[in-house]
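Q: I need the structure of the sequence given here:
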Amino acid sequence: MLGKLTRWLRILGHDTTYSSNIDDPRLIEIAKEEGRTLLTKDLELYRQALTKRVRAFYLQGTTEEERLAELSRRFNLELGVNVTTSRCPKCNTEVKPIPRAEAIDRVEESTSAYYQEFWECPECSQVYWQGAHWKRIRKTLQTATEKVKSRRPNETQDKRRHWEESQI
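A: Below you'll find the model as predicted:
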């Protein structure tokens, strides 16, 4: 349900667990055991989590920008990428810088010709660089930041937050 958002949170440096094939009771159990906040678009799952005294947040946004803005407002989430704290979007491990010489044989020739900085996931060995896709990443984060600045939580969100916090 929120797989794309998971990748965004990892890129932003947040330790994020995700699985699309775990049932609701187990999701709640994992969140409680690991002291995590359960993010969901499923209102019933959200309510179940709160009744089990698990921190939860119900996302209403329909786009990644809206969801990131919601999280930024609620959790004071910084919407900027810091490569020193970024995590692998695939497996959640912190990425580490690697020398360009190590990356050259693992990326396309054109990539190694244009880019100087590379990062690697020590767990899954994926190599990353700030390529052309970074324009889209920056645009998404800029749009989310603009949404945070342009709109304060409305009365319904305030009531939901009050209800949510009173349940915890």
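
Q: which parts of stretch 140-151 are buried?
A: Buried residues in stretch 140-151, defined by neighbour count with 16 or more other CB atoms under 10 Å: 140-141, 143-145, 147-148. Where you see a C-beta, it was placed from the backbone N, CA and C, and this is true even at glycine.

Q: ditto for stretch 67-82
A: Those would be 67-74, 77, 79, 81, for stretch 67-82 by 16+ other CB under 10 Å.

Q: do the same with stretch 35-52
A: 36, 38-40, 42, 45-46, 48-50.

Q: cool, stretch 92-110 as well?
A: Buried positions in stretch 92-110, judged by neighbour count with 16+ other CB under 10 Å: 92-95, 98, 103, 107.

Q: Serialize those to a markdown table and add fields for secondary structure and distance to residue 115.
A: Shown next, in a markdown table, are the buried residues of stretch 92-110 (DSSP: H, G, I helix; E, B strand; the rest coil; distance: CB to CB, whole Å):
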| residue | secondary structure | distance to residue 115 |
| --- | --- | --- |
| 92 | coil | 24 |
| 93 | coil | 21 |
| 94 | strand | 20 |
| 95 | coil | 15 |
| 98 | strand | 12 |
| 103 | helix | 8 |
| 107 | coil | 8 |
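
Q: now these in TSV, with distance to residue 120 and pLDDT?
A: What follows is the buried residues of stretch 92-110, written out as TSV (distance: CB to CB, whole Å; pLDDT from 0 to 100):
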residue	distance to residue 120	pLDDT
92	15	97
93	10	98
94	11	97
95	6	97
98	5	97
103	7	95
107	11	94
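
Q: hang on, the earlier thing: could you list which of the buried residues of stretch 35-52 belong to helices?
A: Secondary structure defined by DSSP state H assigns 45-46, 48-50 of the buried residues of stretch 35-52 to helices.

Q: Go through the residues you listed and say which is closest to residue 23.
A: residue 45 (10.0 Å; CB to CB).
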